[in-house]
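Peer 1: Model the following, please.
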Amino acid sequence: MSNFNNPSEQSLEEDRQIDASMGSLGRLSTELNALLSRLGSEPASVVNSVFTDWVTLVGEHVAQHVAPIKLENSRLLVEVTEAAWATQMRFLEPQLLTTLSTATSSNIVGIDVRVKRNSRSK
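Peer 2: Next comes the predicted model:
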């Protein structure tokens, strides 16, 4: 481990460590996207955007009742709080596909819906 006596030497070493770290992240990102592609998935940035930006993409009201679960083979699986929302999703699907495509540069071609099981029924 180096002992830095002068601030410019320390700054230079920190810059080198950041560059090395970013290079590793770049390679990891490339490999992750290659793996996702082989699995029939969107790139990591698209998947991340769909899940992290869900409330912004679909609106607060819809997000309270509909949650993204999985993005695979250009299809988004969502879970709805009740059966009525499954019906609503059929009507919203074309609009949501357009929104998702525009906002995330995704190639999502369809939305599959499942109704959340009531955990209290056990």
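Peer 1: pLDDT below threshold where in the protein?
Peer 2: Low-confidence segments of the chain (pLDDT under 70): 1-25, 32-33, 35-37, 39-45, 119-122.
Peer 1: All the helices of it, in order from the start?
Peer 2: Ranges of helices in the chain, per DSSP state H, are 7-38, 44-52, 54-58, 60-63, 83-104.
Peer 1: Can you point out the buried residues in the fourth one?
Peer 2: Yep, that's helix 60-63 we're talking about. Within helix 60-63, the residues that qualify as buried are residue 62, counting by 16 or more other C-beta atoms under 10 Å. Using the backbone N, CA and C atoms, a C-beta is placed for each residue, glycine as well.
Peer 1: Pull stretch 102-113 out as CSV, backbone CA atoms only.
Peer 2: Output in CSV follows, covering the C-alpha atoms of stretch 102-113 (Å, rounded to 0.1, in the frame of the first residue of the first chain):
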residue,chain,number,x,y,z
THR,A,102,-40.8,5.4,-25.9
ALA,A,103,-39.5,5.9,-22.4
THR,A,104,-37.2,2.9,-22.2
SER,A,105,-36.4,2.0,-25.8
SER,A,106,-37.7,-1.4,-25.1
ASN,A,107,-39.0,-4.0,-27.6
ILE,A,108,-41.8,-5.2,-25.3
VAL,A,109,-44.5,-6.7,-27.6
GLY,A,110,-47.0,-7.8,-25.0
ILE,A,111,-48.1,-7.7,-21.4
ASP,A,112,-49.1,-10.9,-19.5
VAL,A,113,-51.2,-10.5,-16.4
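Peer 1: List the buried residues of that stretch.
Peer 2: Buried residues in stretch 102-113 (16+ other C-beta under 10 Å): 104, 106, 108, 111, 113.
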